[in-house]
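Undergrad: what follows is a predicted structure for the sequence shown.
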Amino acid sequence: MELKTKISAEDGKHDLLITREFNLPLELLFKAHVEPEIVELWMGTKVLKLENKKHGGWQYETSDAKGNVVFRADGVFHEFIPNQKITRTFEMENASFGVQLEFLEFEKLTGDTSKLTIYSVFKSAGLRDQMLRLPFAQGLNMAHNRLQDIVKKLK
Amino acid sequence: MNLRRDVFQAIADPTRRAILLLVASQSMTAGVIASNFDTARPTVSKHLQILTECELLKQEQNGREIYYHINATNMREVADFIEPFRQMWEDRFNKLETIMKTYQNKKTT
């Protein structure tokens, strides 16, 4: 199967690029990023706050089956242009990766296809690599409680 | 033999990723690894065999027990460490696409 999501993270650099083409009209792709109920469905996290405007804030939180919070992240919007772009900061709570600056660009390809580009900038190359290794744990089936405990210890 | 592809196949499986993560925290025996999963013991053994063949895990005799270690060098060099991160986004975006298609269909009917 062809890999639709592409990631480019060059050695020794402090940034990364995620690109993905969707079989969706631009408006629906954008909507999936701004409607809290929809974000929750595909990100698999709870949306505590999502103020879609310049200087607005956002906060996501994920709990395990027992109700323990395993992940919390937040940031602010620096730019919010519907169906075009979102510029925001991203910071994971209780993690040592620091703040990232994220540029999300939404592009119309055809009437029913669109493209998302996420350019993410980290404080250093080391922090970027550290962060990249982490989802190795997050990508797992989060229902597995014992594993989650280990993940928390590894952080 | 395309070792690189084999390694990607090895880490594409969620149970095998979980095993790697588990062993990354400390070396352990097959029995201890299996006790962390609801999966049947022979299934876990099969996963361990694949991971060992791909050289992502190393076996080491310690007295009567065989301990599994993570092969950090191969984990880094052979299995591109970006792949799990990419896979996570691939899963999320696939979900996004499915959800929004359903949403679109609901709206038009």
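TA: Perfect, I can see it now.
Undergrad: from here on, just use CA atoms for contacts and neighbour counts.
TA: Will do.
Undergrad: per-residue confidence for residue 68?
TA: You didn't pick a chain, so chain A it is. Reading off the confidence values, A:Asn68 has pLDDT 83.
Undergrad: I was after chain B.
TA: At B:Tyr68, pLDDT is 95.
Undergrad: surely it touches B:Gln59?
TA: Yes - counting by C-alpha atoms under 8 Å, B:Gln59 is a contact partner of B:Tyr68 at 4.8 Å.
Undergrad: these two: which has the busier surroundings?
TA: B:Tyr68 (23 against 17; other C-alpha atoms under 10 Å in any protein chain shown).
Undergrad: how about the strands in chain B?
TA: B:28-29, B:57-62, B:65-70 (DSSP state E).
Undergrad: with chain A instead?
TA: So, for chain A - with DSSP E - the strands run A:5-8, A:15-22, A:46-50, A:57-63, A:69-81, A:85-92, A:100-110, A:113-121.
Undergrad: for the fifth one, name the packing helices and strands.
TA: Spelled out, that is strand A:69-81. strand A:57-63, strand A:85-92 (3 or more C-alpha pairs under 8 Å, 6 or more residues apart in numbering or on different chains; DSSP states H and E).
Undergrad: gap between the residue with the largest distance to the centre of chain A and A:Leu28?
TA: No residue in chain A sits farther from the centre than A:Gly111, which is 25.7 Å out by C-alpha atoms, centre = their mean. Computed with C-alpha to C-alpha, to the nearest Å, the distance linking A:Gly111 and A:Leu28 is 11 Å.
Undergrad: and the nearest residue to A:Val34 once chain neighbours are set aside, what does it touch?
TA: Closest residue in space to A:Val34, ignoring its immediate chain neighbours: A:Asn52 at 6.7 Å, by C-alpha to C-alpha, 6 or more residues apart in numbering or on different chains. By C-alpha atoms under 8 Å, 6 or more residues apart in numbering or on different chains, the contact list for A:Asn52 reads A:Val34, A:Phe77, A:Phe80.
Undergrad: over to A:Leu26?
TA: Contacts for A:Leu26 (C-alpha under 8 Å, 6+ apart) come out as A:Asn83, A:Phe106, A:Glu107, A:Lys108, A:Gly111, A:Asp112, A:Thr113, A:Ser114, A:Lys115.
Undergrad: redo those as JSON lines? Include distance to B:Ser45.
TA: Below are these laid out as JSON lines (distance: C-alpha to C-alpha, whole Å):
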{"residue": "A:Asn83", "distance to B:Ser45": "49"}
{"residue": "A:Phe106", "distance to B:Ser45": "45"}
{"residue": "A:Glu107", "distance to B:Ser45": "47"}
{"residue": "A:Lys108", "distance to B:Ser45": "48"}
{"residue": "A:Gly111", "distance to B:Ser45": "50"}
{"residue": "A:Asp112", "distance to B:Ser45": "46"}
{"residue": "A:Thr113", "distance to B:Ser45": "44"}
{"residue": "A:Ser114", "distance to B:Ser45": "44"}
{"residue": "A:Lys115", "distance to B:Ser45": "42"}
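Undergrad: what's the neighbour count on residue 65?
TA: Here I'm looking at chain A. For A:Ala65, using other C-alpha under 10 Å, the count is 11.
Undergrad: let me rephrase: I mean chain B.
TA: 12.
Undergrad: name the nearest residue to it, ignoring sequence neighbours.
TA: Using C-alpha to C-alpha, 6+ apart, the nearest residue to B:Glu65 is B:Thr29, at 6.9 Å.
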